[in-house]
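Enquirer: model the structure of this input:
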Amino acid sequence: MRFPFWRIGVFIAAAIWPMLWLYQALEDLLGPDPGKVLVDRLGLGTLVLLLITLSMTPLQKLTGWAGWIAVRRQLGLWCFAYVVLHLCSYMAFILGFDWSQLAVELRKRPYIIVGALGFLGLLALAVTSNRYSQRRLGSRWKKLHRLAYVILGLGLLHMLWIVRADLEEWAVYASIGAVLLMLRIPPVTRRIPRLLGKKPVLQEKRN
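Expert: Predicted coordinates:
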């Protein structure tokens, strides 16, 4: 396995935050409504991890270091783990596992539907993130995993709908997402190595 310490470091960094937030919630350190704070933090963590995952390829092209790509799949799976925890926390702390409340919530808060669509997209990417799926899907695999940008759009819309009155933080994440999307445009992608005076780096296979 290449870059073992780097991979382990990323694993620890991604794993520690949900455990810390859960501990804070159990110890009543998250204010009067710890369940909601936990749901919000896990949702934001999902968005941040998705942005970090999508930044791995541009960083590899900018620096030429293969370590970015080595942790891309792990980061993508952590992103899915966070969204699962976000969903479970919502069902536990907001719904109280009362499924009759779900219909009421959907009518009052349609952004939940947007979030659910994003979850289904991340589920599809997580299930097909292995090498077997790469071989089985062939050229369709890359097309499927470009859905990550659609999912990012859904995640940003989901967040926008929630924060509405406070757009400063949302604008930061939206701007980063816009830059990452721009870097996917072929002419921009081809110009990056030239601007840096580097030869184009061959991209490693997804780990």
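
Enquirer: residue 98 versus residue 133, what's the distance?
Expert: Look at residue 133 and residue 98: by Cβ to Cβ, to the nearest Å, they are 36 Å apart. From N, CA and C alone the C-beta is placed, and that goes for glycine too.

Enquirer: more neighbours: the two, which one.
Expert: Between residue 133 and residue 98, residue 133 has the larger neighbour count (other Cβ atoms under 10 Å), namely 15 against 11.

Enquirer: does that one touch residue 127 like I think?
Expert: Yes - between residue 133 and residue 127 there is a contact at 7.4 Å, judged by Cβ atoms under 8 Å.

Enquirer: residue 91: what's it in contact with?
Expert: Contact analysis of residue 91 by Cβ atoms under 8 Å, 6 or more residues apart in numbering lists residue 97.

Enquirer: name the residue closest to the centre of the chain, please.
Expert: Among the residues of the chain, the one closest to the centroid is residue 50, at 2.2 Å (Cα atoms, centre = their mean).

Enquirer: name the secondary structure element that contains it.
Expert: Using DSSP states H and E, the element containing residue 50 is helix 34-63.

Enquirer: I'd like the average pLDDT over the helix or strand following that helix.
Expert: Using DSSP H and E, the helix or strand that directly follows helix 34-63 along the chain is helix 67-70. Helix 67-70 shows an average pLDDT of 95 in the prediction.

Enquirer: who does helix 67-70 touch, helix- and strand-wise?
Expert: Packing contacts for helix 67-70, counted by 3 or more Cβ pairs under 8 Å, 6 or more residues apart in numbering; DSSP states H and E, involve helix 4-26, helix 34-63.

Enquirer: tell me the pLDDT of residue 63.
Expert: At residue 63, the pLDDT value in this model is 88.

Enquirer: how much space between it and residue 38?
Expert: According to Cβ to Cβ, residue 63 and residue 38 sit 35 Å apart.

Enquirer: so for these two, which sits in the more crowded spot?
Expert: The neighbour count for residue 63 versus residue 38, taken as other Cβ under 10 Å, is higher for residue 38 (23 against 13).
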